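Chemist: Give the three-dimensional model of this entry:
(one chain, ligands or ions: 1)
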Amino acid sequence: MNDTAGSTAVLRVRDLSVSFRGEEGGDGDVHAVDGLSFDVAPGEVLAVVGESGCGKSVTSLAVMGLLPPTARVGGSVALRGRELAGADEKELRSVRGREMSMVFQEPMTSLNPVLTVGRQIGEVLRRHQGLGRREARQRSAELLETVGIPDPGRRVDEYPHQLSGGMRQRVMLAVAVACDPAVLIADEPTTALDVTVQAGVLDVLGALRERLGTAIVLITHDLGVVAHTADRVLVMYAGRAVEHAPVEDLFATPRHPYTRGLLDAVPRPGGRAAALAEGRRPRLREIPGLVPGLETQPDRCTFAPRCAHADGLCTSRRPLLQAPAGPVGERPDAPHTAACWHPLDVTGAPAEATEEAAP
Ligand SMILES: Nc1ncnc2c1ncn2[C@@H]1O[C@H](COP(=O)(O)OP(=O)(O)OP(=O)(O)O)[C@@H](O)[C@H]1O
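Modeler: Sure thing, here's the model as predicted:
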């Protein structure tokens with residue numbers, strides 16, 4: 001596990017697991033998250049990436065204490081050293097929105113259509129900070145300005161439907177950071193937006209972490225967003241962490257074949273034109289095979305059935321996150337770890353399993 005932020009972490013997650021009871025007569029329980037650990041330091045952006053269904057959203061909901069009662073949650077979630085796993089709803093409610101908050105993909109489902117945006121931001125301020133109506137309105141306008149909404153004095157009295165999608169997402173950010181939370185969890189915050197609007201929202205996230213020192217957990221499946229915004233990246237596959245690294249190292253030298261596959265699936269500028277010029281059919285490189293079901297927690301590499309390098313070791317023993325042998329990346333203070341028996345080297349070739357790894 002990457003312990004970069006260990007000593008200064010504001011959010012520390014250890015061995016988080018989440019399962020849901022399966023339907024009667026079905027395949028059994030769904031193990032959505034299995035043994036996940038990470039830290040986030042103030043002012044740092046940790047991106048959590050992976051294909052659909054790998055457990056990103058369940059992780060963020062577990063950290064926020066927002067999972068339905070049907071979820072069984074294990075492990076530890078500590079915010080500034082205070083344990084939240086197992087905390088009662090009253091305690092969680094005092095933390096949410098004040099010390100830790102979250103923005104979702106679709107602001108229209110989170111914003112109340114019959115209240116002005118000023119009232120919605122103001123409500124958080126009144127509840128957590130005891131501000132009066134006028135002060136709350138004033139502060140709401142300031143927050144709209146912080147998240148880059150022009151003419152905040154007018155916008156504060158408008159309703160969500162009067163704003164564009166990008167502005168609504170900025171309003172959600174204003175609500176989320178109204179009480180200057182230590183941690184912000186942003187779950188696919190730009191997925192529903194046009195690319196140009198996306199960039200604006202990402203810039204706001206960058207400014208928040210710089211100006212307010214907010215620690216940000218950014219959930220996304222978009223590697224372009226990761227490259228633009230993150231400091232470190234946690235790659236998830238079928239509920240488990242498979243790679244954890246500083247962003248530059250992850251893009252330069254992915255060690256896990258799944259991460260390599262994700263990066264290869266990103267279209268490259270000019271790739272189509274180059275392929276056509278060479279008389280090849282342009283195509284995206286997909287990772288062959290399907291994401292496995294989550295009904296079991298196999299004691300092997302869950303990616304093995306899709307991996308070109310898998311051998312008997314991979315299909316019989318579970319690899320744990322560890323720093324592979326080889327050159328240390330750009331940031332010796334931030335180790336690069338992968339859960340793979342045959343981590344790729346800088347040339348993309350798989351390593352021999354080490355002595356200790358052999359069964
Ligand atoms: N309330 C629930 N009850 C049962 N299973 C659930 C529930 N919520 C999520 N799951 C399951 O947990 C697994 C992980 O889901 P999750 O939403 O975290 O994936 P994700 O990586 O965020 O995907 P996406 O990128 O599509 O949002 C999925 O198999 C999903 O069906």
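Chemist: The residue nearest the centre of the chain: what's it in contact with?
Modeler: By Cα atoms, centre = their mean, the chain has its centre lying nearest to Ile219, at 2.5 Å. By Cβ atoms under 8 Å, 6 or more residues apart in numbering, the residues touching Ile219 are Ala47, Val48, Lys56, Ser57, Thr59, Ser60, Ile185, Ala186, Asp187, Glu188. (Glycine included, C-beta is placed from N, CA and C.)
Chemist: Those residues also near the ligand: which ones?
Modeler: Filtering the contacts of Ile219 for neighbours of the ligand using Cβ under 6 Å from any ligand atom leaves Lys56, Ser57.
Chemist: out of the contacts of Ile219, which are inside helices?
Modeler: The helices, defined by DSSP state H, take in Lys56, Ser57, Thr59, Ser60 from the contacts of Ile219.
Chemist: residues touching the closest residue to the third one other than its chain neighbours, list them.
Modeler: Distances taken as Cβ to Cβ, 6 or more residues apart in numbering put Val33 closest to Thr59, at 5.5 Å, once the chain neighbours are dropped. By Cβ under 8 Å, 6+ apart, the contact list for Val33 reads Leu16, Ser17, Val18, Gly55, Val58, Thr59, Ala62, Gly239.
Chemist: Show the backbone phi and psi for the residue nearest to the centre of the chain.
Modeler: Per-residue torsions, Ile219: phi -90, psi 120 (degrees, to the nearest 10).
Chemist: do the same with Gly293
Modeler: phi -60, psi 160.
Chemist: Which pair of the contacts of Ile219 spans the longest distance?
Modeler: Among the contacts of Ile219, the pair separated by the greatest distance (Cβ to Cβ) is Ala47 and Ser57, at 14.0 Å.
Chemist: Neighbour count: those two, which is higher?
Modeler: Shown here are Ala47 and Ser57; by other Cβ atoms under 10 Å, Ala47 has more neighbours (26 against 18).
Chemist: so what's the more buried one up against?
Modeler: Ala47 neighbours (Cβ under 8 Å, 6+ apart): Leu218, Ile219, Thr220, Val225, Val226, Thr229, Ala230, Arg232, Val233, Leu234, Val247.
Chemist: Select only the buried ones of these in ChimeraX?
Modeler: Those of those that meet the burial criterion (16 or more other Cβ atoms under 10 Å) are gathered into one ChimeraX selection, given here:
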select :218,219,220,225,226,229,230,232,233,234,247
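Chemist: Widest-spaced pair of the contacts of Ala47?
Modeler: Ile219 and Val247 (15.2 Å).
Chemist: starting at the chain centroid, how far to stretch 112-123?
Modeler: 27 Å (Cα atoms, centre = their mean, to the nearest Å).
Chemist: Checking Ile121 next. Helix, strand or coil?
Modeler: Three-state call for Ile121 (DSSP: H, G, I helix; E, B strand; the rest coil): helix.
Chemist: Figure out the helix or strand that the closest residue to it other than its chain neighbours lives in.
Modeler: Take Ile121 and drop its neighbours on the chain: the residue closest to it by Cβ to Cβ, 6+ apart is Ser140, 3.9 Å away. Element membership of Ser140 [criterion: DSSP states H and E] is helix 133-146.
Chemist: and that helix, which residues are buried?
Modeler: Those would be Ala136, Arg137, Gln138, Arg139, Ser140, Ala141, Leu143, Leu144, Glu145, Thr146, for helix 133-146 by 16+ other Cβ under 10 Å.
Chemist: Can you lay out those residues as TSV showing pLDDT and distance to the ligand?
Modeler: What follows is those, written out as TSV (pLDDT from 0 to 100; distance: Cβ to the nearest ligand atom, whole Å):
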residue	pLDDT	distance to the ligand
Ala136	93	33
Arg137	93	35
Gln138	93	37
Arg139	93	33
Ser140	95	30
Ala141	95	33
Leu143	92	28
Leu144	93	28
Glu145	91	32
Thr146	87	28
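Chemist: ok, so of the residues you listed, who is nearest Met167?
Modeler: Leu144 (9.0 Å).
Chemist: right, and Thr59 touches Gly50 too?
Modeler: No: the pair Thr59 / Gly50 is not scored as a contact, 9.8 Å apart, by Cβ atoms under 8 Å.
Chemist: any residues in contact with both of the two?
Modeler: Met236.
Chemist: just to revisit the earlier point, avg pLDDT for whatever helix or strand comes next after the helix holding Ser140?
Modeler: The helix or strand immediately downstream of helix 133-146 is helix 152-155, counting by DSSP H and E. Averaging pLDDT along helix 152-155 yields 94.
Chemist: next SSE after helix 152-155?
Modeler: That would be, after helix 152-155 and using DSSP H and E, helix 165-177.
Chemist: Check which residues of that following helix are buried.
Modeler: Result for helix 165-177 [16+ other Cβ under 10 Å]: buried residues Gly166, Met167, Arg168, Gln169, Arg170, Val171, Met172, Leu173, Ala174, Val175, Ala176, Val177.
Chemist: got those residues as TSV, with pLDDT and distance to Thr315 columns?
Modeler: Listed next are those as TSV, based on pLDDT from 0 to 100; distance: Cβ to Cβ, whole Å:
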residue	pLDDT	distance to Thr315
Gly166	85	46
Met167	88	50
Arg168	90	47
Gln169	87	43
Arg170	89	48
Val171	92	49
Met172	90	44
Leu173	88	44
Ala174	91	49
Val175	91	47
Ala176	89	43
Val177	89	46
